[in-house]
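Undergrad: Have a look at this prediction, sequence included:
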Amino acid sequence: MTHNYKIVEIAPKTYEIDEFDCDSVFVLLGEQKALVIDTGTGVGDLKTAVENLTKGLPYEVVLTHGHVDHVGGAGWFEKVYLNPLDWDKYPYPPDAAGRRNYAGFIAQRSGLTYDYDPMTDIIDFEKPAERLPLHDGQSFDLGGRVVTAYECPGHTPGEMVLIDSASRILFAGDAINGNLLFGSLPGDATFVSIERALKGLERIAAMGDQYDRIYNGHHDYRELGEPLCAEMLPSILTACRKLVDGTYEAKTIPGMFPGSPDRTVVYEGPAMITFKAGGIHEPK
């Protein structure tokens with residue numbers, strides 16, 4: 001099984017693993033233990049890649065949210081941390097067929113050929129990783145660096161971001177993306193209004209004295225190994241405020257994947273936000 005991923009050291013003892021354009025996995029090394037952020041779609045042998053970096057250090061695994069492209073490789077590990085708000089809203093564990101489908105969409109969209117075999121490199125795991133609760137303000141002391149998780153609902157109800165004290169990096173999962181997806185409506189189990197998401201993003205922006213760079217879970221709006229541009233979060237905040245106050249200008253564009261429906265978006269600087277008009281405000 002392949003573990004031939006592209007790996008970039010983005011800061012001292014801080015690595016971005018590119019899972020064949022499906023997701024980015026981050027590995028942070030401390031003096032006593034390591035932290036793995038997200039597990040990708042589960043393409044290839046992620047555990048071997050992680051342990052080649054950790055070199056015997058014990059490590060813990062944190063999932064930023066419950067989507068297939070972030071929890072798909074969790075079966076390589078015994079335990080993972082995930083916000084309980086995402087526990088029962090998305091398939092867990094996602095099966096190999098669903099993960100192959102997602103990886104196939106990514107390959108079709110990019111038009112590239114990747115160094116893996118979907119039938120042998122995307123497998124069902126013998127047992128799911130045990131889920132442990134991840135809560136707002138929860139910290140992981142790695143020895144010489146502390147990583148703290150904060151809730152930032154929007155993309156999912158349980159979306160989390162993490163701030164690393166050593167590298168001063170904000171690891172944003174899918175909470176801060178150039179291609180930011182808000183797609184639920186009142187009544188959906190996964191509903192988070194853009195109004196509420198904006199408050200969470202404003203809270204994270206107010207913590208800006210704790211981080212210098214932002215890395216999200218996908219490098220499609222940034223180069224592998226490079227952070228999001230400095231304008232990304234301010235642009236997302238501006239776009240969300242326009243959505244909330246009704247001053248936005250919407251456009252219709254094709255769906256993200258072949259065969260998926262058209263979507264409604266707003267653009268602001270480098271950011272694009274997909275949304276549904278009925279999901280902007282909190283229900284009255």
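TA: Yes, it's here. Residues are numbered from 1 along each chain as shown.
Undergrad: What's the separation between the spatially most central residue of the chain and residue 51?
TA: In the chain, the C-alpha nearest the mean C-alpha coordinate belongs to residue 173, at 2.7 Å (C-alpha atoms, centre = their mean). Distance of residue 173 to residue 51, computed by C-beta to C-beta, to the nearest Å: 23 Å. Quick note: C-beta positions are derived from backbone N, CA and C, even for glycine.
Undergrad: hey, where'd the helices end up in this protein?
TA: Under the criterion DSSP state H, helices of the chain are mapped to 46-54, 68-71, 96-110, 118-121, 194-206, 232-245.
Undergrad: List the contacts of residue 205.
TA: Residue 205 makes contact with 233, 234, 237 under the criterion C-beta atoms under 8 Å, 6 or more residues apart in numbering.
Undergrad: and the second one, how many neighbours does it have?
TA: It stands for residue 234. 14 (other C-beta atoms under 10 Å).
Undergrad: Please tell me how far it sits from residue 56.
TA: Using C-beta to C-beta, residue 234 is found at 41 Å from residue 56.
Undergrad: rewinding a little: any idea which of the helices of the chain is most buried?
TA: helix 68-71 (a mean of 26; mean count of other C-beta atoms under 10 Å).
Undergrad: what's that helix packed up against?
TA: helix 96-110 (3 or more C-beta pairs under 8 Å, 6 or more residues apart in numbering; DSSP states H and E).
Undergrad: outside of the helix it packs on, which residues touch it?
TA: 20-22, 41-43, 68-69, 72, 91, 113-114, 118-119, 122-124, 256-258.
Undergrad: Buried ones among those residues?
TA: Buried by 16 or more other C-beta atoms under 10 Å: 20-22, 41-43, 68-69, 72, 114, 118, 122-123, out of the contacts of helix 96-110.
Undergrad: Pick out the most distant pair among those residues.
TA: Taking C-beta to C-beta, the two most distant members of the buried ones among the contacts of helix 96-110 are 21 and 123; they sit 19.6 Å apart.
Undergrad: Looking at stretch 199-210 now, give me its mean pLDDT.
TA: The pLDDT scores in stretch 199-210 average 98.
Undergrad: how distant is it from the center of its chain?
TA: Here the centre of mass of C-alpha atoms in stretch 199-210, compared against the chain's by C-alpha atoms, centre = their mean, to the nearest Å, lies 17 Å away.
Undergrad: can you check stretch 19-36 too?
TA: Stretch 19-36 sits 12 Å away from the centroid of its parent chain (C-alpha atoms, centre = their mean).
Undergrad: And it, what's buried?
TA: Those would be 19-30, 33-36, for stretch 19-36 by 16+ other C-beta under 10 Å.
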